[in-house]
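Engineer: Predicted coordinates and the sequence they were generated for:
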Amino acid sequence: MSNEGLNSRMPAYKKTFASGEIQKTYQGLVGVVQNLRTDFSKIFENEYTVANVLHGYIDFTYFYLQNDYLKKRKLKFAIVLNHQQAHFEFWLLGQTKEVQISYWNKLKGFRWVNSEEMPKFSIFEFVLLPAPDFDNFKNLSKSIHGAFGLASKEILNTLKAYK
């Protein structure tokens, strides 16, 4: 990336940040994910270890969930807020790219796995909650917990069936 190209984008960048709306919205969304993480750690405390919320770039905010079964196989689940799409996704991740490729090849035939192309950061990813109501956290949280509970059971059963 040349400095000239970056410099030419600075006026639009400054304008975007000038009102403060981007910062407030981003902080609010990260807060939603942090509250979800807290709920997950309580609701699923006997099933999963729930990691801290991770965010660095403005594209995704997420947290990992892992149990002994997943850990032994170098896998993790992730609840991901996709900022560009403004929805929640469920990802299955591998500890290394090799682990991800191996599991993607094993699971290609399943409905939640894109058999044409492996995602950049995961084995698979699918929309968990397509149109979240960010103003009603109680319903948002309940919807995500329910969808995660069903999907995680199905995925774990599939993983156990296809060693």
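Structural biologist: Yep, that arrived.

Engineer: can you give me the helices in this protein?
Structural biologist: Taking DSSP state H as the test, the helices found in the chain are 3-18, 21-43, 68-72, 97-107, 137-161.

Engineer: Distance to Ser115 and mean neighbour count for those - can I get that in JSON lines?
Structural biologist: From N, CA and C alone the C-beta is placed, and that goes for glycine too. Listed next are the helices of the chain as JSON lines, based on distance: least, CB to CB, whole Å; neighbours: other CB atoms under 10 Å:
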{"stretch": "helix 3-18", "distance to Ser115": "37", "mean neighbour count": "9"}
{"stretch": "helix 21-43", "distance to Ser115": "29", "mean neighbour count": "15"}
{"stretch": "helix 68-72", "distance to Ser115": "22", "mean neighbour count": "12"}
{"stretch": "helix 97-107", "distance to Ser115": "9", "mean neighbour count": "16"}
{"stretch": "helix 137-161", "distance to Ser115": "14", "mean neighbour count": "15"}
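
Engineer: can I get those helices in TSV with distance to Glu125?
Structural biologist: Below are those laid out as TSV (distance: least, CB to CB, whole Å):
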stretch	distance to Glu125
helix 3-18	27
helix 21-43	16
helix 68-72	16
helix 97-107	11
helix 137-161	11
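
Engineer: Can you lay out those as CSV showing mean pLDDT and distance to Phe121?
Structural biologist: As requested, the helices of the chain are exported to CSV (pLDDT from 0 to 100; distance: least, CB to CB, whole Å):
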stretch, mean pLDDT, distance to Phe121
helix 3-18, 86, 25
helix 21-43, 95, 17
helix 68-72, 97, 17
helix 97-107, 94, 8
helix 137-161, 94, 17
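
Engineer: what's the closest of these to Leu128?
Structural biologist: Checking the helices of the chain against Leu128 by CB to CB gives helix 137-161 as the closest, at 4.9 Å.

Engineer: now the closest one, how far from the chain's geometric center?
Structural biologist: Distance, stretch centre to chain centre, for helix 137-161: 13 Å (CA atoms, centre = their mean, to the nearest Å).

Engineer: Tell me if I'm right that Tyr162 and Asn105 touch.
Structural biologist: No: between Tyr162 and Asn105 there is no contact under CB atoms under 8 Å: 10.8 Å.
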